[in-house]
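# Compute the structure for the input listed below.
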Amino acid sequence: MTVIDCHCHAGAGDGLNGPWDTRADLREYLPRAREAGIDHTVIFAPFHSDYVVANREVARIVSMHPDRLTGFAFAHCADDRDRMGELVAEAVHRLGLRGLKAHRHDARIGRELCEAARLHAIPILYDPMGELGPVELVACEYPDVDFIIPHLGSFADDWNAQRQLIDILVRHPNVYTDTSGVRRFDLLVEAVRRAGPGKVLFGTDGPWLHPEIELEKVRLLGLRVEDERLVCGGNLARLLGRAGPQRHVKSAPTRELGEAARPAGDPWERLPRIA
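As a prediction, the model looks like this:
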């Protein structure tokens with residue numbers, strides 16, 4: 001069984017309010033993930049005032065560990081509005097990033113982000129911080145875009161929001177969740193039971209949460225082998241396997257990515273196959 005962490009931060013932010021906008025260092029995460037049995041990880045930037053800069057750093061980090069990492073681009077749904085198309089096109093075609101991340105902390109999810117995801121056929125991982133109304137709306141407005149809502153809808157452990165998200169998972173085939181940071185274990189049990197194992201993805205919110213602890217929650221669900229395979233990596237592999245114009249990804253120039261230039265070819269081809 002190949003295990004894929006769908007939710008991990010990497011790189012430097014340019015704020016000093018907390019780890020979430022200062023630095024996400026993988027030096028401890030990577031050996032911990034290997035020890036836990038995690039084969040591959042999706043990374044994206046911490047909070048940053050310029051996500052073009054941050055996304056290029058994510059691509060540079062992926063280029064250093066191409067067999068273990070795949071990158072998502074981060075975007076600010078308000079500040080990046082006038083350049084969203086350009087930001088996402090560079091992320092997909094030049095940097096080889098495979099999805100989009102956005103956060104309610106920056107701004108509510110917007111049409112520009114959803115239109116860009118639709119154009120490039122890539123999923124969106126959007127943290128609503130417990131505000132689930134916009135998730136319902138985008139799920140209806142963009143039925144051909146896949147939305148991954150992390151933390152079962154609320155990292156802050158908002159029980160009402162998490163129960164609301166389970167209802168959304170049941171109603172909308174294009175909405176998924178991840179397990180990262182979910183502390184109310186029985187809500188994970190309910191999400192799998194009601195929405196099905198095909199709607200839940202394993203994630204850690206690394207490097208700040210320990211990957212083995214987060215993975216153990218999935219193992220304790222007591223799923224059938226085939227269902228655990230879906231949650232641990234199969235669902236994400238399916239979403240990314242149909243994402244983006246893969247054959248047109250180009251390696252970015254070394255001057256843009258730093259000393260380690262991105263290797264040519266499709267980074268998704270290097271992802272281990274689901275057993």
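# C-alpha from now on. contacts and neighbour counts both.
Fine.
# Sketch out the low-pLDDT regions of the stretch 151-275 of the chain for me.
Low-confidence regions of the stretch 151-275 of the chain, defined by pLDDT under 70, span residues 242-275.
# so residue 98 sits right up against residue 71, yeah?
Yes. With contact defined as C-alpha atoms under 8 Å, residue 98 and residue 71 form a contacting pair (6.0 Å).
# between these two, which one's more packed in?
A count of neighbours by other C-alpha atoms under 10 Å puts residue 71 above the other of residue 98 and residue 71, at 32 against 28.
# Find me the pLDDT at that one, would you?
The pLDDT attached to residue 71 in the predicted structure is 98.
# how far away is residue 16 from residue 231?
With distances defined as C-alpha to C-alpha, to the nearest Å, the gap from residue 16 to residue 231 amounts to 35 Å.
# quick one: which of those two has more around it?
residue 231 (26 against 10).
# Please name the residues that touch the more buried one.
When the contact criterion is C-alpha atoms under 8 Å, 6 or more residues apart in numbering, the partners of residue 231 are 197, 198, 199, 200, 201, 202, 218.
# again, only using 6 Å
Residue 231 is in contact with 200, 201, 202, counting by C-alpha atoms under 6 Å, 6 or more residues apart in numbering.
# so the second one makes contact with residue 178?
Yes. Under the criterion of C-alpha atoms under 6 Å, residue 201 is in contact with residue 178, at a separation of 4.5 Å.
# For residue 8, state which of the contacts of residue 231 is nearest.
Distance to residue 8, by C-alpha to C-alpha, is smallest for residue 202 among those, at 10.9 Å.
# Neighbours of that closest one, how many?
The burial count assigned to residue 202 is 27, neighbours taken as other C-alpha under 10 Å.
# Ramachandran angles for it?
In this entry, residue 202 is assigned phi and psi values of phi -70, psi 130 (degrees, to the nearest 10).
# how close does it get to residue 15?
Residue 202 sits 28 Å away from residue 15 when distances are taken as C-alpha to C-alpha.
# can you give me the strands in this protein?
4-9, 11-12, 23-24, 40-44, 69-71, 73-74, 100-103, 124-127, 147-149, 175-178, 200-201 (DSSP state E).
# With distance to residue 94 added, can I get those strands in TSV?
Compiled in TSV, the strands of the chain are given as follows (distance: least, C-alpha to C-alpha, whole Å):
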stretch	distance to residue 94
strand 4-9	20
strand 11-12	19
strand 23-24	23
strand 40-44	16
strand 69-71	12
strand 73-74	12
strand 100-103	15
strand 124-127	19
strand 147-149	23
strand 175-178	27
strand 200-201	27
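# between these, which one is nearest to residue 214?
Of all those, strand 4-9 comes closest under C-alpha to C-alpha, at 9.6 Å.
# and the closest one with strand 40-44, angle?
Strand 4-9 and strand 40-44 meet at an angle of 30 degrees, taking axes from the mean of the first three to the mean of the last three C-alpha atoms, to 10 degrees as the criterion.
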